[in-house]
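>>> below is the sequence, then the predicted model.
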Amino acid sequence: MHLTHESGALSGRDSKFIETDTKVVRWIAQAAVNVELFTIPLYMTSLYSISGMHPITGAGNAFYKGRVWPGAKTSAFPAEADRGKPGWANKEAFNIVFSIFIQEMLHLQMAANLATAIGATPDFTDPALQDGDNGWICYGPALTAIPTIVDLTDTSTYANVKVNVGPLDADRIALFLAIEQPQEDAEADIVRNREQYFPKVPFSDSPDYDPATANIWFGSIGYMYQCYRDYLTTTYDDGTRLWDHVFDANGRQNDLFNNFSFPGHPMREFMGFETTIALTDKEIALGQALNMMNAITDQGEGATLKARQKLAAEQGLLMAVKPEYCPSDDALKSDYPSYSDTGEQVPSSDAAARFDNDGDDHFERFERVRDLMKQGGVLTWDRAGKTGNWTAADLTTPDYDPADNPYGLPTPEQVATALNNLAHQDARQANYETLSQAVVGSIKGVTTVLNDYWAGTGSFPFPSMAGSGDRMSTAWAVFGATPDLSKGIPSPDTNVVNHACQGLSLDGNAGGNSCAQTDIFHTCRGSNLCKGMGGCGFVQQSTGGGSCGAASGCGAAATPKVAAAVKPQGGNCSAVRMRTQGGICGTPTPSPTPSVTYTAPSDNICKGFGGCAVPISAMQLYPKAGTMDVYLLAGQSSGGAPSPTPQGCGAKAESAAGKNLCGTPTPTSSPSNCGAPPTNKKIGTLNFAEGDKVEDVAFKAFAMVLQAKSQPVPAQQAPDDLRLAFPPST
């Protein structure tokens with residue numbers, strides 16, 4: 001096995017190399033973020049290729065009783081008792097891959113926290129993975145490289161494997177095993193160009209050395225983290241360590257796993273280690289940073305750094321994940337409760353999927369999936385034969401009563417027709433591209449916030465995570481084909497009033513029965529992407545919350561950097577982490593007093609307000625009653641230029657500096673203006689009831705704005721096939 005350094009190379013190093021070593025270790029930090037991020041859309045695409053149906057559920061919520069939508073989800077079932085029953089292999093495979101997928105999100109979080117702890121800014125939009133339109137360029141039918149790790153053409157076992165998204169099949173399992181391969185196996189498997197792999201620490205003594213242009217290949221993920229560790233613990237001739245020079249006591253630490261948020265996330269998931277770094281004590285912080293690296297490699301390839309021993313080499317068994325790196329069963333059940341389609345609590349399916357599988361490393365888990373597939377029991381959408389053949393019976397359960405539809409939801413027949421229409425030969429290619437962009441846009445809606453999230457200027461868009469999985473599942477089910485993740489989302493036209501709701505175009509440029517423009521497809525909370533786009537998502541409380549105290553979160557519509565990665569909950573929005581943002585999947589939690597009012601997503605005064613999925617599902621209902629403030633929004637300029645998205649004022653964007661998008665002077669804004677910008681004019685309130693359609697409420701608000709502007713109100717349009725096909729996020 002290759003050692004990452006020569007004897008003595010990590011001690012007594014000339015202190016003149018501190019600056020060079022700092023540059024290298026921060027480059028490794030970003031390489032680690034990229035590698036963890038790279039796995040997420042890749043695993044996600046195969047995860048949601050597994051055929052199955054799922055309900056939309058929530059605590060005390062029976063809106064969608066008897067209704068199901070395309071897309072598998074986690075299952076809480078006694079594996080041995082169900083073994084061999086129809087659908088068992090699909091459930092088992094989904095649970096296993098889901099458990100890995102969620103753990104990759106944990107690894108991404110820890111890689112980002114490690115980066116900030118050493119003064120690096122994690123970039124979730126690195127051009128090594130994506131182009132400028134959020135298209136994923138790291139996957140493709142001719143690509144063979146796992147970024148900074150290995151070109152598979154240099155291996156013996158995986159020389160013919162392509163690095164591409166696709167269904168859960170033999171090719172994908174081979175790719176996943178190559179990614180998660182233990183270090184000693186990876187070293188033995190590289191049979192060509194071996195000299196370019198496994199660099200020695202330190203990589204160079206040249207003060208001009210730039211690791212970004214040095215064509216570094218680590219050979220395995222484990223070797224990358226070992227190099228990371230070695231650099232941090234290198235000592236110099238002045239007695240200091242590199243850690244002493246790069247440590248940043250102000251580095252932003254974020255936590256989605258061990259955070260405490262009652263009642264939404266009442267228990268830390270991992271009792272045995274920290275998923276953030278305590279930056280108040282430099283020595284404690286170093287220990288936690290190194291332990292994070294151990295957790296990542298132990299969960300992934302099955303061995304901690306400097307302890308890569310096979311449990312039983314003669315039997316080919318890998319060491320099980322150490323108990324301290326496994327989640328608590330009680331915590332998972334408490335943090336992720338599941339509900340029936342009538343709102344009753346049932347055994348937690350996410351907890352079962354994760355706890356039952358997290359004791360094995362990723363390599364072993366993918367081997368188990370491979371064995372399931374060899375038995376022929378795992379059915380994916382490309383082989384399910386449902387394209388163009390959906391019926392109402394596919395979309396209902398035995399307890400469905402067609403007469404029980406008090407909310408006026410589209411019928412199963414309408415949804416089945418929409419699913420079939422999207423796949424109709426005449427429009428198949430155009431619809432395939434549109435749905436692919438809806439998938440990319442939904443991922444973008446989560447990941448465009450990550451840069452801000454680690455900069456401390458945004459909140460994590462929990463409600464968006466479920467929407468990403470649902471859109472991926474729908475695309476798979478409609479076409480039986482892999483969504484094209486390379487099809488990016490172009491920047492919106494700043495000369496029109498972009499709208500997020502079907503037919504709700506204030507300037508008439510995209511009215512009629514059109515859906516929202518492709519270039520604003522997204523899921524959002526915290527990105528301000530819904531600002532000024534029609535308000536078709538869930539309302540939010542009109543005061544407090546969000547990132548209202550951050551200057552960058554106020555006023556102007558966001559112009560986020562391109563970003564990457566996701567963590568859907570398989571359509572099960574009952575997941576508590578969704579509800580931590582208030583209510584169910586982003587809807588507001590009612591105030592103890594009846595006087596609370598809400599603001600539409602288009603108002604979205606500060607990051608964290610608003611919340612919508614574009615295109616919005618025709619099934620979306622409000623789970624709680626409330627009162628919405630309706631504003632005639634005025635745009636605000638940023639840096640002397642108009643904001644890129646008109647703020648609902650109905651006018652074209654103006655290019656003159658110092659004017660807002662309605663043509664009147666823009667007052668100077670500051671964080672203190674967050675709650676009520678002086679350029680917005682409240683024109684009234686709108687009451688909505690539990691079970692009201694979100695699109696109906698949006699149209700009423702839209703009509704109020706038009707009436708306030710003395711403009712005619714058009715007829716409300718019926719939802720198109722795309723909006724009928726998508727499930728609600730409630």
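Yes, it's here. Numbers count the residues shown, from 1 in each chain.
>>> centre of the chain to the host helix or strand of Val446, how far?
Secondary-structure assignment from DSSP states H and E places Val446 in helix 428-447. Helix 428-447 has its C-alpha centroid displaced from the chain centroid by 14 Å (Cα atoms, centre = their mean, to the nearest Å).
>>> quick check: next helix or strand after that helix?
Reading on from helix 428-447 to the C-terminus, the next helix or strand found by DSSP H and E is helix 450-455.
>>> which strands and helices lie in contact with that following helix?
The elements that helix 450-455 packs onto, with contact taken as 3 or more Cβ pairs under 8 Å, 6 or more residues apart in numbering; DSSP states H and E, are helix 88-117. For every residue, glycine as well, the C-beta is placed using N, CA and C.
>>> by contact count, what packs against the helix it packs on?
Identification of packing neighbours for helix 88-117 by 3+ Cβ pairs under 8 Å, 6+ apart yields helix 18-47, helix 79-82, helix 282-300, helix 349-355, helix 362-374, helix 450-455.
>>> Phe77: what's its closest spatial neighbour, skipping adjacent residues?
In this structure, Phe77 finds its nearest non-sequential neighbour in Lys91, 6.4 Å apart by Cβ to Cβ, 6 or more residues apart in numbering.
>>> give me the neighbour count for that neighbour.
A count of nearby residues for Lys91, using other Cβ atoms under 10 Å, gives 23.
>>> ok, back up a step: what residues of the helix holding Val446 count as buried?
By neighbour count with 16 or more other Cβ atoms under 10 Å, helix 428-447 contains the buried residues 428, 431-432, 434-447.
>>> next: stretch 127-141.
The neighbour-count criterion (16+ other Cβ under 10 Å) identifies 128-130, 133-136, 138-139 as the buried residues of stretch 127-141.
>>> what's the first-to-last distance across that stretch?
19 Å (Cα to Cα, to the nearest Å).
>>> over to stretch 45-65?
Using Cα to Cα, the gap from the first to the last residue of stretch 45-65 comes to 28 Å.
>>> what about it, distance to the chain center?
Counting by Cα atoms, centre = their mean, stretch 45-65 comes out at 17 Å from the chain centroid.
>>> mean confidence for that stretch?
When pLDDT is averaged over stretch 45-65, the result is 94.
>>> got the buried residues for that stretch?
By neighbour count with 16+ other Cβ under 10 Å, stretch 45-65 contains the buried residues 45-58, 61, 63-65.
>>> inside helices: which ones of these?
With helices identified by DSSP state H, the entries of the buried residues of stretch 45-65 that belong to them are 45-47.
>>> nearest to Thr474 among those residues?
Proximity of these to Thr474 (Cβ to Cβ) peaks at Thr45, which lies at 13.2 Å.
>>> list the contacts of Leu160.
One thing to correct before we go on: residue 160 is Asn, not Leu. Neighbouring residues of Asn160 by Cβ atoms under 8 Å, 6 or more residues apart in numbering: there are none.
>>> check contacts around the closest residue to Glu19 other than its chain neighbours.
Nearest in space to Glu19, with sequence neighbours left out and distances taken as Cβ to Cβ, 6+ apart, is Pro207 at 7.1 Å. Neighbour list for Pro207: 16-17, 19-20 [criterion: Cβ under 8 Å, 6+ apart].
>>> any chance of JSON lines for those, columns neighbour count and pLDDT?
Below are the contacts of Pro207 laid out as JSON lines (neighbours: other Cβ atoms under 10 Å; pLDDT from 0 to 100):
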{"residue": "Lys16", "neighbour count": "11", "pLDDT": "96"}
{"residue": "Phe17", "neighbour count": "20", "pLDDT": "96"}
{"residue": "Glu19", "neighbour count": "11", "pLDDT": "96"}
{"residue": "Thr20", "neighbour count": "19", "pLDDT": "96"}
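>>> now tabulate those residues in TSV and tack on distance to Asn164.
Converted to TSV, the contacts of Pro207 look like this (distance: Cβ to Cβ, whole Å):
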residue	distance to Asn164
Lys16	45
Phe17	40
Glu19	39
Thr20	36
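>>> need the three-state assignment for Ala140.
Just to correct that, residue 140 is Gly rather than Ala. Remark: Gly140 carries the secondary structure label coil [criterion: DSSP: H, G, I helix; E, B strand; the rest coil].
>>> what sits against the residue nearest to it when sequence neighbours are not counted?
The shortest distance from Gly140 to any non-neighbouring residue, by Cβ to Cβ, 6+ apart, is to Asn164 (5.7 Å). Asn164 makes contacts with 139-141, 143, 175, as judged by Cβ under 8 Å, 6+ apart.
>>> regarding Asn164, what is its secondary structure?
coil.
>>> rewinding a little: distance of the residue nearest to Glu19 from Val246?
Distance of Pro207 to Val246, given as Cβ to Cβ, to the nearest Å: 17 Å.
>>> and for Thr155?
Between Thr155 and Val246 the distance is 33 Å, computed by Cβ to Cβ.
>>> same check on Gly300?
24 Å.
>>> do Thr434 as well
Between Thr434 and Val246 the distance is 46 Å, computed by Cβ to Cβ.
>>> give me the neighbour count for the closest residue to His54 other than its chain neighbours.
Excluding its sequence neighbours, the residue lying closest to His54 (Cβ to Cβ, 6+ apart) is Lys73, at 4.0 Å. By other Cβ under 10 Å, the residues close to Lys73 number 28.
>>> let me know the secondary structure of Lys73.
The three-state label given to Lys73 by three-state DSSP is coil.
>>> nearest residue to Asp133 in space, please, no chain neighbours.
The spatial neighbour of Asp133 that comes closest, neighbours along the chain excluded (Cβ to Cβ, 6+ apart), is Gly488 at 2.8 Å.
>>> actually, Asp394.
According to Cβ to Cβ, 6+ apart, the nearest residue to Asp394 is Ala416 (6.7 Å).
>>> cool, and His265?
Taking Cβ to Cβ, 6+ apart, and ignoring the residues beside it in sequence, His265 has Asp335 as its nearest neighbour in space, at 5.0 Å.
>>> doesn't Pro263 make contact with that neighbour?
No. Applying Cβ atoms under 8 Å as the test, Asp335 and Pro263 come out as separate, 10.2 Å apart.
>>> which one of the two is surrounded by more residues?
Taking other Cβ under 10 Å, Asp335 and Pro263 do not tie; Asp335 has more neighbours (25 against 9).
>>> out of everything not next to it in sequence, what's closest to Thr297?
By the measure of Cβ to Cβ, 6+ apart, the closest residue to Thr297 outside its immediate chain neighbours is Gly222, 5.0 Å from it.
>>> contacts only, for the one you found.
Each residue near Gly222 by Cβ under 8 Å, 6+ apart is listed here: 182-183, 186, 297, 300-301, 303, 305, 308.
>>> that one and Ala718: what is the separation?
The gap separating Gly222 from Ala718 is 55 Å, by Cβ to Cβ.
>>> those strands in the stretch 601-730 of the chain, which residues are they?
Residue ranges of the strands in the stretch 601-730 of the chain, as given by DSSP state E, counting those that start in this stretch, are 612-614, 626-632, 637-638, 641-642, 681-688.
>>> could I get those as CSV with mean pLDDT and mean neighbour count?
What follows is the strands of the stretch 601-730 of the chain, written out as CSV (pLDDT from 0 to 100; neighbours: other Cβ atoms under 10 Å):
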stretch, mean pLDDT, mean neighbour count
strand 612-614, 71, 32
strand 626-632, 83, 22
strand 637-638, 30, 19
strand 641-642, 32, 19
strand 681-688, 87, 15
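>>> now distance to Pro327 too, for those, in TSV please.
Below are these laid out as TSV (distance: least, Cβ to Cβ, whole Å):
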stretch	distance to Pro327
strand 612-614	29
strand 626-632	36
strand 637-638	43
strand 641-642	47
strand 681-688	39
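>>> compare these and give me the one nearest Pro202.
Taking Cβ to Cβ as the criterion, strand 637-638 is the member of the strands of the stretch 601-730 of the chain that comes nearest to Pro202, at 43.3 Å.
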